[in-house]
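K.L.:
Please find the sequence and the predicted model below.
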Amino acid sequence: MAVGVAIQAADRHYNGGITVFVLLSCMIAASGGIIFGYDVGVSGGVTSMDPFLQKFFPGVYRNMKQDKRISNYCKFDSQLLTTFTSSLYISGLISSFFAATVTRKYGRRRSIIIGGLSYMLGAAIGGAALNIYMLILGRLLLGVGLGFTNQSVPLYLSEMAPSKYRGAFNVAFQICVSIGYNSATLINYGTVKIRGGWGWRVSLAMAGVPAVILAFGALFVPETPNSLIEQSEDLHDKAKKVLQKIRGTEEVDEEFNDLIEASYASKSIKHPFKNLFQRKYRPQLVMSVMIPFFQQMTGINVIAFYAPILFLTIGSGESVSLLAATLTGIVGSTFTVITVILVDRLGRRPLFHVGGIQMVVCQALVGVVMVAKLADHGTMEKGYGITVLILTCVYIAGFGLSWGPLGWVVTSEIFPLEIRSAAQSIVVAVSLSMTFVVAQGFLAMLCHFKSGLFFFFASWVFTMSMFVYFLLPETKGIPIEKMDKIWREHFFWKRVIGNSQFPEDSKIQAA
């Protein structure tokens, strides 16, 4: 049963609406975000647990508990510790390039299944780890799953969703990331209390639960019509039937014809990575690099990876620091859900602007409090610690309204089919490489920059807000196969691509 909606955009009339079938399919696919969020949240939690540090990182444990000469900002400065966290992302970076080929040639669904199976294996090895080598091997396998799912899930959601509601569907991925993160922090809060010191094993192994849902659930969801058409002309009839089923109507000729048209253009592209550098794709190339770069430079992973460690640094106890991390996660989830309601009503740009202002102000104020009230030794007064927590929550609310979900929404909807997998692999690669850099460098930067680190990230948020204001056009309500229109009408990008690259009837041309 469909919610009757007629979609009108770019001189095309797309019939259909949101069906139960497409909702269930997208819910299963979006669960890939749960594992991503869980892996981000669990690492910061277990690295604040004494038994985990004693077993795998005894040097950090000694610094934290025994050596009073070390600065508050430097107690956790360990390259081995950050390698545990960041190995996930370097593995995801490498696997994302293989995932691009699989996603393009064999479909989004198969890529999702491969990712789910890799997550399952990584969670099992991590939970059973006997030494640091097993621990990092588990993280590397989780990274393979991350590379495949972050490549395929945003594309799957964009291609299955009606264009009018595409933003809300893509925000579902970020909601699932938030659900995973919150689940990890809650589980960490519970497992830290387990007597015997093996609670960290439960935390790491529980990543296998959503992995099972993703891998086996994906066996029962359909491939996207776009992908079926792209794979073979023999699958065109099947693609049309799938499109009719997910739209809840037999009248899908206009949309189906656009998909066929885009597919012919796609098949004429023999080297999508090379063609991505053509002049007419210059805006998409810039966005595929800058949006994921900026998303990581918001400083959100400072909070996501190391929130418990950060709150330990300012003087909170082990359980209190985990509880504070849980609170920040709940705030982020709440505002991500609000984004689902607003993204297709207000558009992408207004949310970027509001969220950007919140983040700049809060990062700067946290830096001011840290400068004034946290010295190299001793702890922060309770009242100021609460102030830092409140500012952190407001900052995360801004991220949940803007760069968190919209960083994935925009990059999953702006690429034409002929370069979509290649461009998405660049998005994933940049995102994971920057995540690796931030994760690997944060604790050392905290040690050397101290409170200045928060001013560093605030300046980046200001820069990216200006980038969005001047260079990112609004994408609300525009069918994904007609997205070239926004660049041809933009005051800056139309000079870059040149009007001669596209005919007036908006048909996508082969390279």
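P.N.:
Received, thanks.

K.L.:
any idea how far the helix or strand containing residue 101 is from the chain center?
P.N.:
Element membership for residue 101, per DSSP states H and E: helix 79-106. Put simply, helix 79-106 sits 13 Å off its chain's centre (C-alpha atoms, centre = their mean, to the nearest Å).

K.L.:
just stretch 116-133 next, same as before
P.N.:
22 Å.

K.L.:
try stretch 482-500
P.N.:
The answer for stretch 482-500 is 27 Å, by C-alpha atoms, centre = their mean.

K.L.:
next helix or strand past the longest helix out of those in the chain?
P.N.:
Secondary structure of the chain per DSSP state H: the longest helix is helix 417-449. Next in sequence after helix 417-449, counting helices and strands by DSSP H and E, comes helix 452-471.

K.L.:
Restricting to C-alpha, output that next one in CSV.
P.N.:
The C-alpha coordinates for helix 452-471 follow below in CSV (Å, rounded to 0.1, in the frame of the first residue of the first chain):
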residue,chain,number,x,y,z
GLY,A,452,43.7,25.2,21.7
LEU,A,453,42.5,22.1,19.9
PHE,A,454,38.9,23.2,20.3
PHE,A,455,39.6,26.6,18.7
PHE,A,456,41.3,24.7,15.8
PHE,A,457,38.1,22.8,15.1
ALA,A,458,35.9,25.9,15.5
SER,A,459,37.9,27.6,12.8
TRP,A,460,37.3,24.7,10.4
VAL,A,461,33.6,24.8,11.1
PHE,A,462,33.5,28.5,10.2
THR,A,463,35.4,27.7,7.0
MET,A,464,33.0,24.9,5.9
SER,A,465,30.0,27.1,6.7
MET,A,466,31.3,29.7,4.2
PHE,A,467,31.9,26.9,1.7
VAL,A,468,28.2,25.8,1.9
TYR,A,469,26.9,29.3,1.8
PHE,A,470,28.7,30.2,-1.4
LEU,A,471,29.2,26.9,-3.3
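
K.L.:
Show the average pLDDT along that helix.
P.N.:
Helix 452-471 shows a mean pLDDT of 93.

K.L.:
mind listing the strands for the stretch 51-200 of the chain?
P.N.:
Here the stretch 51-200 of the chain has no strands by DSSP state E, counting those that start in this stretch.

K.L.:
any idea how far residue 390 is from residue 328?
P.N.:
Separation of residue 390 from residue 328 (C-beta to C-beta, to the nearest Å): 10 Å. Just so you know, the C-beta spots here come from the backbone N, C-alpha and C atoms, and that holds for glycine as well.

K.L.:
Which one of those two is surrounded by more residues?
P.N.:
More crowded of residue 390 and residue 328, by other C-beta atoms under 10 Å: residue 328, with 23 against 15.

K.L.:
Chain neighbours aside, what residue packs nearest to residue 328?
P.N.:
residue 396 (5.2 Å; C-beta to C-beta, 6 or more residues apart in numbering).

K.L.:
which SSE is that neighbour in?
P.N.:
Counting by DSSP H and E, residue 396 is part of helix 382-401.

K.L.:
What is that helix packed up against?
P.N.:
helix 300-313, helix 318-346, helix 348-373 (3 or more C-beta pairs under 8 Å, 6 or more residues apart in numbering; DSSP states H and E).

K.L.:
Nearest spatial neighbour of residue 440, chain-adjacent residues omitted?
P.N.:
residue 86 (4.3 Å).

K.L.:
Ranking helices and strands of the protein by mean pLDDT, which lands last?
P.N.:
Using mean pLDDT, DSSP states H and E, strand 2-4 stands out as the lowest-scoring helix or strand of the chain, at a mean of 30.

K.L.:
now the helix holding residue 101: mean pLDDT?
P.N.:
The model assigns helix 79-106 a mean pLDDT of 84.

K.L.:
now do stretch 182-200
P.N.:
Mean predicted lDDT for stretch 182-200 stands at 87.

K.L.:
ends of it, how far apart?
P.N.:
16 Å (C-alpha to C-alpha, to the nearest Å).

K.L.:
Not counting it itself, show me its contacts.
P.N.:
Contacts to stretch 182-200, defined as C-beta atoms under 8 Å, 6 or more residues apart in numbering, come from residues 34, 37-42, 45-46, 49-52, 54, 202-203, 206, 307-308, 318-319, 322-323, 325-326, 329-330, 333.

K.L.:
Just the buried subset of those, please.
P.N.:
The neighbour count (16 or more other C-beta atoms under 10 Å) marks 34, 37-42, 45-46, 49, 51-52, 203, 206, 307-308, 318, 322-323, 325-326, 329-330, 333 as buried among those.

K.L.:
can you tell which of the helices and strands packed on helix 382-401 is closest to residue 446?
P.N.:
helix 300-313 (7.6 Å; C-beta to C-beta).

K.L.:
ok, now how distant is the residue nearest to residue 279 when sequence neighbours are not counted from residue 280?
P.N.:
Using C-beta to C-beta, 6+ apart and skipping the chain neighbours, the partner closest in space to residue 279 is residue 497 (6.0 Å). From residue 497 over to residue 280 the distance is 5 Å, taken as C-beta to C-beta.

K.L.:
One more: residue 145?
P.N.:
34 Å.

K.L.:
Buried deepest among the helices and strands packed on helix 382-401, which one?
P.N.:
Highest mean neighbour count of the helices and strands packed on helix 382-401: helix 300-313, a mean of 25 (counted as mean count of other C-beta atoms under 10 Å).

K.L.:
Put the alpha carbons of stretch 334-344 into CSV.
P.N.:
The C-alpha coordinates for stretch 334-344 follow below in CSV (Å, rounded to 0.1, in the frame of the first residue of the first chain):
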residue,chain,number,x,y,z
THR,A,334,17.2,13.3,18.9
PHE,A,335,18.3,16.1,16.6
THR,A,336,19.0,13.7,13.8
VAL,A,337,15.4,12.6,14.0
ILE,A,338,14.3,16.2,13.9
THR,A,339,16.4,16.6,10.7
VAL,A,340,14.2,13.8,9.1
ILE,A,341,11.2,16.1,9.5
LEU,A,342,12.9,19.3,8.4
VAL,A,343,15.3,18.2,5.6
ASP,A,344,12.7,17.9,2.8
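
K.L.:
contacts for it?
P.N.:
164-168, 171-172, 174-175, 178, 351, 396-402, 404-406, 409, 476-477.

K.L.:
same thing with stretch 357-369?
P.N.:
298-299, 384, 387-388, 391-392, 394-395, 397-399, 401-403, 451-455, 457-458, 461-462, 465.

K.L.:
Taking those, please make a ChimeraX selection of just the buried ones.
P.N.:
Burial among these is assessed by 16+ other C-beta under 10 Å; the matching ChimeraX selection reads:
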select :298,299,384,387,388,391,392,394,395,397,398,399,401,402,403,451,453,454,455,457,458,461,462,465
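
K.L.:
Format the helices and strands packed on helix 382-401 as CSV; extra columns: mean pLDDT.
P.N.:
Shown next, in CSV, are the helices and strands packed on helix 382-401 (pLDDT from 0 to 100):
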stretch, mean pLDDT
helix 300-313, 62
helix 318-346, 80
helix 348-373, 90
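
K.L.:
Which of those sits closest to residue 285?
P.N.:
Among these, helix 348-373 sits nearest to residue 285 (C-beta to C-beta), with 19.1 Å.

K.L.:
Would you mind getting the angle between the closest one and helix 318-346?
P.N.:
Taking axes from the mean of the first three to the mean of the last three C-alpha atoms, to 10 degrees, helix 348-373 and helix 318-346 form an angle of 150 degrees between their directions.
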